Structures are given as structure tokens and as C-alpha cells.
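S.K.: Sequence below, structure please.
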Amino acid sequence: MSERKIRVLVAKPGLDGHDVGAKVVVRALADAGFEVIYTGLQQTPEAICAQARDEDVDVIGLSMLSGSHLPLCRKVGELLNAEGLGEKLWLVGGNIPARDHEALNELGYAGVFATGSDLDDIASFIREKLS
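M.R.: Numbering: from 1, shown residues only. Now for the predicted structure:
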């Protein structure tokens with residue numbers, strides 16, 4: 001009997017209407033052997049948290065290009081903690097300036113992957129953190 005696959009939720013919070021990058025990450029993670037749930041565009045922080053809880057995921061990844069990453073990550077993080085999901089691995093990727101990486105780490109996002117990050121690096125990071 002094989003082990004349970006690592007379950008990853010990839011979400012697009014806020015009003016960002018661009019998801020090509022998120023879909024590329026979803027496909028790469030699936031190809032790397034993860035079970036990936038993609039929420040689709042324009043999800044509320046509440047919906048993301050509910051999906052993470054209901055799907056019993058190991059990883060919550062947010063994809064953002066809108067520039068609203070700090071307030072959205074803060075809100076999602078507060079809700080995840082309130083639901084008891086603070087021990088899950090939180091990631092964020094997209095158009096995120098280097099000056100904001102430390103603030104995102106302080107909010108609980110272990111991995112920050114800027115646009116153009118190597119897809120294998122994302123998969124390796126997840127495996128390393130969850131092993």
C-alpha cells in the first residue's frame with residue numbers, strides 16, 4: 001500500500017484575474033507527484049480557509065499578482081490560525097517584491113516564491129519541509 005500523497009491547495013485570493021502562473025505551478029506540482037487542489041480565481045480568504053480545512057491539505061499556497069499580498073496573506077493567515085491550521089505549510093508566490101519577503105515569513109508563510117521561481121525548487125521546498 002502506498003503512502004498518502006502530499007495534498008496542496010493552490011488559491012488565488014482577491015480580485016486578481018490572472019491565473020496562468022498558478023495553473024503552471026498546479027501542473028508542475030501534480031507532475032511532481034503531489035495531489036493538488038486548485039480553487040480558481042477571486043477566492044475570499046474565508047473560502048480559502050474553508051477549502052483548506054475541508055480538503056485536509058498539508059500545504060496552502062497563495063498565488064498573487066495584484067500587489068495586495070500583505071493584507072490578503074495577513075487575513076488568510078489569521079483565519080487559518082483560527083481554524084487550527086497554523087501548523088500547515090503556508091506558501092505564497094507571484095509578483096512579490098523582495099522587500100516584502102521577511103514580512104510574509106513573519107506572518108507564517110515559510111516559502112515565498114517570486115514570479116519566475118524554478119518549479120522544481122517549489123516541489124523540493126515542500127518535500128523538504130514536510131519530511
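
S.K.: Model confidence score at residue 4, please.
M.R.: pLDDT recorded at residue 4 is 86.

S.K.: Does it belong to a helix, a strand or coil?
M.R.: Three-state call for residue 4 (DSSP: H, G, I helix; E, B strand; the rest coil): coil.

S.K.: for residue 67, what are its contacts?
M.R.: Shown in contact with residue 67 (CB atoms under 8 Å, 6 or more residues apart in numbering): residue 95. For glycine as for every other residue, the C-beta is placed from the backbone atoms N, C-alpha and C.

S.K.: can we see that at 10 Å?
M.R.: Contacts here follow CB atoms under 10 Å, 6 or more residues apart in numbering; on that basis residue 67 touches 14, 16, 94, 95, 96, 97, 100.

S.K.: what do you get for residue 60?
M.R.: Contacts of residue 60 (CB under 10 Å, 6+ apart): 8-11, 48-49, 51-52, 76-77, 80, 85, 88-92, 108-109.

S.K.: can I assume it sits in a strand?
M.R.: Yes: according to three-state DSSP, residue 60 belongs to a strand.

S.K.: Mind listing the residues bridging to it?
M.R.: Note on residue 60: beta-bridge partners residue 9, residue 90, judged by DSSP bridges.

S.K.: For the spatially closest residue to residue 122 that is not a sequence neighbour, give its distance to residue 82.
M.R.: Using CB to CB, 6 or more residues apart in numbering and skipping residues adjacent in sequence, the residue nearest residue 122 is residue 113, 5.7 Å away. According to CB to CB, to the nearest Å, residue 113 stands 25 Å off from residue 82.
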